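Enquirer: quick one, structure for this:
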Amino acid sequence: MTKNKRFKDPIYGYIDIDENIISSIVDTAGFQRLRNIIQTSYSPLYSSAVHNRFVHSLGVYHLGRIVSESIVRNKNEFIEIGEIERYLKIFELACLLHDLGHAPFSHTGEDFYLENGKRNLLHNVIIELTGDEDLEEEIERKNYKAAPHELMSVIVALREYGFLFQNDEEKSFFARCIIGYPYAKREEIKNSFLNCIISLLNSTVIDVDKLDYLIRDAYITGFDTVSIDYVRLLQSISLRKEEQKYQIVYKKGAISVIENVVYAHDAERKWIQNHPIVQYEAYLLQSSIEALKNKYTNVDLFSYEALTEDGIEVFENYRISLLCDADITFLMKNLNNDSAKEYFRRKDRRHPLWKSEAEYKAIFNVGYTDTIFEIVENALEGLCKYLNFVCQSQEINKAALDACKRDMENAQRLLETAETNKEKLEALIVEKGKHLQWLEALETFANEQKIDFDFVILKANQFNSGFAKEAFAKIQIEFDSLSKPCFFEKVTNTLKAEKSARDKFFYLFYRRINKENKINLRRLAVILGKIALQEVFDD
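Expert: Model (predicted):
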């Protein structure tokens, strides 16, 4: 009889885990590291949001087991698949280990895994570890781009816990579950079955990873959202074969829960993840980490080696192993950097001029034509890229303005001595001149409003509802009275959404010295709109 250990969980009551899994995975240093990786970047907005990747991983494992039990109940329908229990056990391991390689501060830090073209390197390591020769061709043809932490999680898991798998086929299936890369040979019935299982951990609409963090984040933060009956949803899942291909089907009783999952995900993305306070904290952390990388050029802080028990030497007599949030904050405390100081001194932080995508649109889109709005947005996006190139920063201030002027002067001197490519250089100077014009406009606005010319500009992604996704519309719903399942879009029209025409918007942060000073944001729209209008006339 299998012996289990029980974990008390505020969401699910108790989570039972096989003692063999406890000893071989959960109690090891690599997995315990996740206790020191914060789950979200929401704590500056919701002070209670300090839950970690450890409890989330246990939760996803728990939900994965519910799914497995639901599928096993119908195992007689999967005779041609073979040992489905073994595949489901690997799926459960993937649920447990799916976040094993998460970087410090979770999503805030994970992009550092991909610097200097490392995505290809990580893909190649996974191909080598799994022996899956089809992956290389599939990645190139499908342009697959898993999240950085998913790639690293696969690598850490297969290197540290490779003994759990019997062969390369199992390793490949485990890896695909985490990174969400389905088998390309979909015509093979076994692959279609395995692709269904993969999507139950990593999909664009509903999966056990998303379910746990939606429920857990709402509970821990206190953010009021809809209730998600995860038991009803997961127990309604079945796999049905049609025309020699398996597909996931939900029973009709899950319709309301499916809508609630998408609604909850929309609410978290729109009102928490895109909140300017959350965005700004991420900026401070990323700027500080960039400064750390520039200071410790001899080591790669965001590497597989740093995640191991052996670790890496940062400087004499100081090593980092099992890299976590505390390691980064320790190094930040020893960093003479404005972003690091601002991170620790919350009272010194800049404040957003507007606090939501809705307010941003109200300020700029009202009174603008679509053409003017598009010019302004494209100019702001170009300015973000230019600042990152010239200043390695998103700060807009006197130093940035001077740096841009020097860049212009250098380009003009280069044009004077150039013997070839003069037209290209002239066009480049015109482009630089436009960036400079927008910077000077922001300086004018700051002077008019009697605030410091000291902004930070951050690009955010415009919100698009999950109800607008084709994958949501194509969810299969099963009715007892019908021989075939129906698409979700055919059986309910209560919630629909259109994709946004634009994919970006921007936050502008400033130094708020006097809280009583009322800033005229329409004036900013007028100043920037005049420049955009002039561009229309010039064209």
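Enquirer: what about the stretch 351-500 of the chain, any weak spots by pLDDT?
Expert: The stretch 351-500 of the chain contains residues with pLDDT under 70 at 494-500.
Enquirer: repeat the analysis, applying 90 as the threshold.
Expert: 361, 364-374, 392, 414-427, 460-473, 480-485, 487-500 (pLDDT under 90).
Enquirer: which parts of it are helices?
Expert: 357-364, 370-390, 398-417, 422-449, 470-473, 488-491 (DSSP state H, counting those that start in this stretch).
Enquirer: list the buried residues of the fifth one.
Expert: Burial within helix 470-473, assessed by neighbour count using 16 or more other Cβ atoms under 10 Å, is assigned to residue 472. (Each C-beta comes from the backbone N, C-alpha and C, glycine too.)
Enquirer: about what we covered before: so for residue 238, which of the helices of the stretch 351-500 of the chain sits nearest?
Expert: Nearest of those to residue 238, taken as Cβ to Cβ: helix 488-491 at 15.4 Å.
Enquirer: centre-most residue in the chain?
Expert: The residue lying closest to the centre of the chain (Cα atoms, centre = their mean) is residue 107, at 5.5 Å.
Enquirer: now that one. Nearest residue, chain neighbours left out?
Expert: Of all residues not flanking residue 107 in the chain, residue 41 sits nearest, at 6.8 Å (Cβ to Cβ, 6 or more residues apart in numbering).
Enquirer: that neighbour - that's part of a strand, no?
Expert: No. With DSSP: H, G, I helix; E, B strand; the rest coil as the criterion, residue 41 is coil rather than part of a strand.
Enquirer: what about it, how many neighbours?
Expert: Counted with other Cβ atoms under 10 Å, the neighbours of residue 41 add up to 22.
Enquirer: what does residue 433 give?
Expert: So residue 433, with other Cβ under 10 Å, has 13 neighbours.
Enquirer: residue 15 too?
Expert: Neighbours of residue 15 under the rule other Cβ under 10 Å: 19.
Enquirer: and it, helix, strand or coil?
Expert: With three-state DSSP as the criterion, residue 15 reads strand.
Enquirer: pretty sure it sits against residue 6.
Expert: Yes. Here residue 15 reaches residue 6: they are 7.0 Å apart, a contact under Cβ atoms under 8 Å.
Enquirer: the residue nearest to residue 107: what's it in contact with?
Expert: Taking Cβ atoms under 8 Å, 6 or more residues apart in numbering, we find residue 41 in contact with 105, 106, 107, 108, 278, 281, 282.
Enquirer: with secondary structure and distance to residue 134 as extra columns, can I get those residues in CSV?
Expert: Compiled in CSV, the contacts of residue 41 are given as follows (DSSP: H, G, I helix; E, B strand; the rest coil; distance: Cβ to Cβ, whole Å):
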residue, secondary structure, distance to residue 134
105, coil, 35
106, coil, 31
107, helix, 29
108, helix, 34
278, helix, 39
281, helix, 41
282, helix, 36
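Enquirer: can you name the residues that contact residue 213?
Expert: By Cβ under 8 Å, 6+ apart, the contact set of residue 213 is 39, 40, 56.
Enquirer: I'd guessed residue 391 sits against residue 403; true?
Expert: Yes. Contact criterion Cβ under 8 Å: residue 391 and residue 403 qualify, at 5.2 Å.
Enquirer: where does the stretch 201-350 of the chain dip in pLDDT?
Expert: Applying pLDDT under 90 to the stretch 201-350 of the chain flags the ranges 205, 224-226, 238, 240-246, 270, 315-318, 336.
Enquirer: can you give me the strands for it?
Expert: 237-241, 246-251, 312-315, 318-320 (DSSP state E, counting those that start in this stretch).
Enquirer: out of those strands, flag the one nearest residue 446.
Expert: strand 312-315 (39.3 Å).
Enquirer: one step back: which one of the helices of the stretch 351-500 of the chain lies nearest to residue 100?
Expert: Closest approach to residue 100 among the helices of the stretch 351-500 of the chain (Cβ to Cβ): helix 470-473, 26.4 Å.
Enquirer: let's see the closest one as PDB, backbone CA atoms only.
Expert: Extracted in PDB, the C-alpha atoms of helix 470-473 (Å, rounded to 0.1, in the frame of the first residue of the first chain):
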ATOM      1  CA  GLU A 470     -10.200  31.100 -30.800                       C
ATOM      2  CA  ALA A 471      -9.100  28.300 -28.400                       C
ATOM      3  CA  PHE A 472     -11.900  29.400 -26.000                       C
ATOM      4  CA  ALA A 473     -14.500  29.400 -28.700                       C
END
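Enquirer: coming back round to it: residues touching the residue nearest to the centre of the chain, list them.
Expert: With contacts defined as Cβ under 8 Å, 6+ apart, the neighbours of residue 107 are 41, 147, 149.
Enquirer: which residues of the stretch 51-200 of the chain score low on pLDDT?
Expert: Along the stretch 51-200 of the chain, segments meeting pLDDT under 90 span 71-85, 106, 115-118, 133, 136-137, 140-143, 184-190.
Enquirer: show me the strands in it, by range?
Expert: Under DSSP E, counting those that start in this stretch, the stretch 51-200 of the chain gives no strands.
Enquirer: roughly how far apart are residue 532 and residue 375?
Expert: The spacing between residue 532 and residue 375, counted by Cβ to Cβ, to the nearest Å, is 4 Å.
Enquirer: indicate which one of the helices of the stretch 351-500 of the chain is closest to residue 137.
Expert: helix 470-473 (24.1 Å).
Enquirer: which elements pack onto that closest one?
Expert: Counting contacts by 3 or more Cβ pairs under 8 Å, 6 or more residues apart in numbering; DSSP states H and E, helix 470-473 is packed against helix 488-491.
Enquirer: same for the helix it packs on, what does it pack against?
Expert: Partner elements for helix 488-491 (3+ Cβ pairs under 8 Å, 6+ apart): helix 255-268, helix 470-473, strand 476-478.
Enquirer: of all these, which lies closest to residue 139?
Expert: For these, the distance to residue 139 is smallest for helix 470-473, at 20.6 Å, taking Cβ to Cβ.
Enquirer: give me the spatial nearest neighbour of residue 368, chain neighbours excluded.
Expert: residue 529 is the one closest to residue 368 (Cβ to Cβ, 6+ apart), at 6.1 Å.
Enquirer: got a list of what the one you found touches?
Expert: Here residue 529 is in contact with 367, 368, 372, 376 (criterion: Cβ under 8 Å, 6+ apart).
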